[in-house]
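Novice: I would like to see how this sequence folds:
(2 chains)
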Protein chains: 2
Amino acid sequence: MKKQSRRAFLTGTSLLALGATTSSFASPVATAPLIHHVFFWLKNPSSKEDLEKLIEGIRSLQKIETVQEFRIGQPAKTPKRNVIDDSYAVSLFTTFTNVAAHDVYQEHAVHKKFIADYSHLWAKVQVYDSMDI
Amino acid sequence: MKKQSRRAFLTGTSLLALGATTSSFASPVATAPLIHHVFFWLKNPSSKEDLEKLIEGIRSLQKIETVQEFRIGQPAKTPKRNVIDDSYAVSLFTTFTNVAAHDVYQEHAVHKKFIADYSHLWAKVQVYDSMDI
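Specialist: The predicted structure follows:
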């Protein structure tokens, strides 16, 4: 499927050949170029309960209509290197179609409730917003 | 191959009701849970030439076979907030199916050549590796 869509991309010709596989063109990668990547450090890094609570809170954000991709992560077990920061407890990766869609998310009641209900759990938040080039 | 794995994924339960919307199962989000997100700060932040060179170098990494999603970004123009770090020059977002695939990327000749040819351009690199939960 990936091969087909790539070929169509390259030829720039009739996409009919793709048939049902045109789905890849609707993938969030193509349509949501704004990455909003958030890293959370817990106040009590050793508390599994706090971690689970925070994850539960983060999950609630998926309901916000302007969210495209939505992924929750924890430090991967890649080999340790000086350039890697694996000290965070949990991360949230979301994408948006543009800055306005991101702003809707930030101002959304669900997001405000998340901050009100769960911010006592974290010691630090670090955000990287990037726009695909 | 991707199609096959999707089918295998779906057979667990009766997802016939999904119909045409099964496309989401073929997205990289489902198949490549390891996010490798890299932020670069230039030695000469005001040099557009250095920025373009570095971006050219980053693009070369897409050739590495184990790379799934591949996105190059720059700080998005989201409203300024204390928690946002928008001081980097360029970012690289890649995903891998697992840690082994990530390690192949790190040790790949193309990656080593990238570091040899372009590392003189950057002052700092910050990496966040996360695994979807």
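
Novice: Would you mind pulling up the elements that the helix or strand where A:Glu56 lies packs against?
Specialist: For A:Glu56, the host element (DSSP states H and E) is helix A:48-60. In terms of contacts (3 or more Cβ pairs under 8 Å, 6 or more residues apart in numbering or on different chains; DSSP states H and E), helix A:48-60 is packed against strand A:34-42, strand A:70-75, strand A:90-96, helix A:109-118. (Glycine included, C-beta is placed from N, CA and C.)

Novice: Walk me through which strands the second one pairs with, and which way each runs.
Specialist: Right, strand A:70-75. strand A:90-96 (antiparallel), strand B:122-132 (antiparallel) (DSSP bridges).

Novice: Mean pLDDT and distance to A:Lys48 for those - can I get that in a markdown table?
Specialist: Converted to a markdown table, these look like this (pLDDT from 0 to 100; distance: least, Cβ to Cβ, whole Å):
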| stretch | mean pLDDT | distance to A:Lys48 |
| --- | --- | --- |
| strand A:90-96 | 98 | 12 |
| strand B:122-132 | 98 | 17 |
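
Novice: Quickly compare the ones you listed and say which is most buried.
Specialist: Across the strands paired with strand A:70-75, the average number of neighbours (mean count of other Cβ atoms under 10 Å in any protein chain shown) peaks for strand A:90-96, which reaches a mean of 24.

Novice: Go through the helices and strands packed on helix A:48-60 and pick out the most buried.
Specialist: strand A:90-96 (a mean of 24).

Novice: what is the rounded mean pLDDT of the following helix or strand past that one?
Specialist: Next along the chain after strand A:90-96, taking DSSP H and E as the criterion, comes helix A:99-107. Averaged across helix A:99-107, the pLDDT comes to 98.
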